[in-house]
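Asks: Predicted model follows, preceded by the sequence.
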Amino acid sequence: MEIIFVVSALHGGGAERVIVTLANQFAGRGDKVIILMTAGDEVAYRLEEEVEVVSIGQPSNGKLSKQIERILKMRCFFKDHADSKIVSFTTTINMFTILAAAGLKNKVIVSERNDPNRCNFKPVRNLVYSWGKNFVFQTKGAMQCFPKKIRERSAVIPNPVRKDLPEIYTGIREKKIAAVGRLEAQKNHQLLLEAFAGFHQKFPEYELHIFGKGRLEQELKQRAADMGIGDKVIFEGFCSNVPERIRTYSMYVLSSDYEGISNSLMEAMALGLPCISTDCPIGGSALCIESGQNGLLVPTGNAEELCDAMELLARDTALAEQLGKNASAVRIRFGEESICRQWREYILHE
């Protein structure tokens, strides 16, 4: 089959990583795969040579005229590939895709990749989505956020865990804590800094390494300095080989207020790291972690409980080792080939 994945750009986000995984898998099976980027030309991930990448524009910066121009360009592209299946990711791109493909014969699948309740334009989104025919959600909780007519045309498919991850580390772990995610409000790194400041008082030998870039970088650096932990918090920026970097760390922490399913959490678990995550509302973290068995879940927005969980893993290394060992089973449960097969079956289903 020919399949077009639609995304704004491939600049390093979790949704983009899933698209790259699917694209590489499908191309490896002999499908013709195109990634259509609507708002940029940056490609931060490795793609198979067979995957074609097409950019049709740059960010619109909210200008309606540019958004309409983008939709018209998308429509022309879809018309030129009339026999293709179209899969789009993220809310705004999903809406553009539904509008651009209206009346065309292409099968269109749109996929929500975050907490639908956090959308600032839900009435408009739901109206446009009502014109769509096929939907993929990461969790049942995300699907339940939508009207019945949308739920009836939906599938739930979790994120895949990459098959090219490094081997699980079994040696003495470095006294380092990993956090991976864009430096934006959703990820609530300020909560992580507050928890780490308390943790640091009892375990001063540990460092916190934050991987990711974003608008809050300078604010967070200043906050860490004001807390007296500036020399123990290392901002690593965007890193293309995070799994290789963190596989020897003592723990991974996700402090987000909301998520779909965190790719970085799944990868940390697959690496055998002891993991702590906030229990985000639509159930992405809870889908991966059974608290006390293969990781620890803590309430969102609670720095004290997050600090307590970090202290528990640092104090009880036997527990931490067992949690990490159990966590690595996500490699099989959410294996790349299995998840891609679910996607392929849904795409081909008439």
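Replies: Nice, thanks for sending it over.
Asks: Backbone torsions only: list them for Ala178.
Replies: With angles defined as degrees, to the nearest 10, Ala178 sits at phi -100, psi 140.
Asks: mind listing what it touches?
Replies: 209, 211, 242, 245-246, 249, 251-253, 268, 273 (CB atoms under 8 Å, 6 or more residues apart in numbering). Placement of C-beta: from N, CA and C, glycine included.
Asks: if we look at the longest helix anywhere in the chain, which residues are touching it?
Replies: Assignment by DSSP state H gives helix 64-80 as the longest helix of the chain. Contact with helix 64-80 is made by 4, 6, 36, 38-39, 54, 56-57, 60, 84, 86, 96-97, 99-101, 104, 106, as judged by CB under 8 Å, 6+ apart.
Asks: For that helix, list every residue counted as buried.
Replies: 67, 70-71, 74-75, 77-78 (16 or more other CB atoms under 10 Å).
Asks: among the contacts of helix 64-80, which are in strands?
Replies: Per DSSP state E, strands hold the following members of the contacts of helix 64-80: 4, 6, 36, 54, 86.
Asks: where does this protein dip in pLDDT?
Replies: 350 (pLDDT under 70).
Asks: Tell me which stretches of the stretch 201-350 of the chain form strands.
Replies: With DSSP state E, counting those that start in this stretch as the criterion, the stretch 201-350 of the chain has strands at 207-211, 233-237, 249-254, 275-278, 296-298.
Asks: between the ones you listed, which one is nearest to Lys221?
Replies: Closest approach to Lys221 among these (CB to CB): strand 233-237, 6.2 Å.
Asks: could you say what helices and strands the closest one packs with?
Replies: If you count contacts as 3 or more CB pairs under 8 Å, 6 or more residues apart in numbering; DSSP states H and E, strand 233-237 packs onto strand 207-211, helix 217-226.
Asks: angle of that strand against helix 217-226?
Replies: On the basis of axes from the mean of the first three to the mean of the last three CA atoms, to 10 degrees, strand 233-237 is oriented at 170 degrees to helix 217-226.
Asks: What residues of strand 233-237 count as buried?
Replies: For strand 233-237, a neighbour-count test (16+ other CB under 10 Å) marks 233, 235-236 as buried.
Asks: burial measure for Lys175, as a count.
Replies: Residues near Lys175, counting by other CB atoms under 10 Å, number 14.
Asks: what sits against it?
Replies: Lys175 makes contact with 203, 205-207, 250 under the criterion CB under 8 Å, 6+ apart.
Asks: check contacts around Ile234.
Replies: Taking CB under 8 Å, 6+ apart, one finds 207-210 in contact with Ile234.
Asks: Stretch 321-330: which residues count as buried?
Replies: Neighbour counts over stretch 321-330 (16+ other CB under 10 Å) mark 323-324, 326-328, 330 as buried.
Asks: typo on my end, it should be stretch 136-146
Replies: 136-139, 141-143, 145-146.
Asks: Give me the contact list for stretch 124-131.
Replies: Counting by CB under 8 Å, 6+ apart, 91, 94-95, 98-99, 102, 110, 119, 135, 146-147, 149-150 sit against stretch 124-131.
Asks: now those: which count as buried?
Replies: With neighbours counted using 16+ other CB under 10 Å, the contacts of stretch 124-131 contain these buried positions: 91, 94-95, 98-99, 110, 119, 135, 146, 150.
Asks: want to throw these into a markdown table with distance to Glu184?
Replies: Formatted as a markdown table, the buried ones among the contacts of stretch 124-131 follow (distance: CB to CB, whole Å):
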| residue | distance to Glu184 |
| --- | --- |
| Thr91 | 16 |
| Asn94 | 20 |
| Met95 | 21 |
| Ile98 | 26 |
| Leu99 | 27 |
| Val110 | 23 |
| Cys119 | 16 |
| Phe135 | 25 |
| Phe146 | 24 |
| Ile150 | 27 |
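Asks: Keep only those of these that are in helices.
Replies: If you go by DSSP H, those have 91, 94-95, 98-99, 150 in helices.
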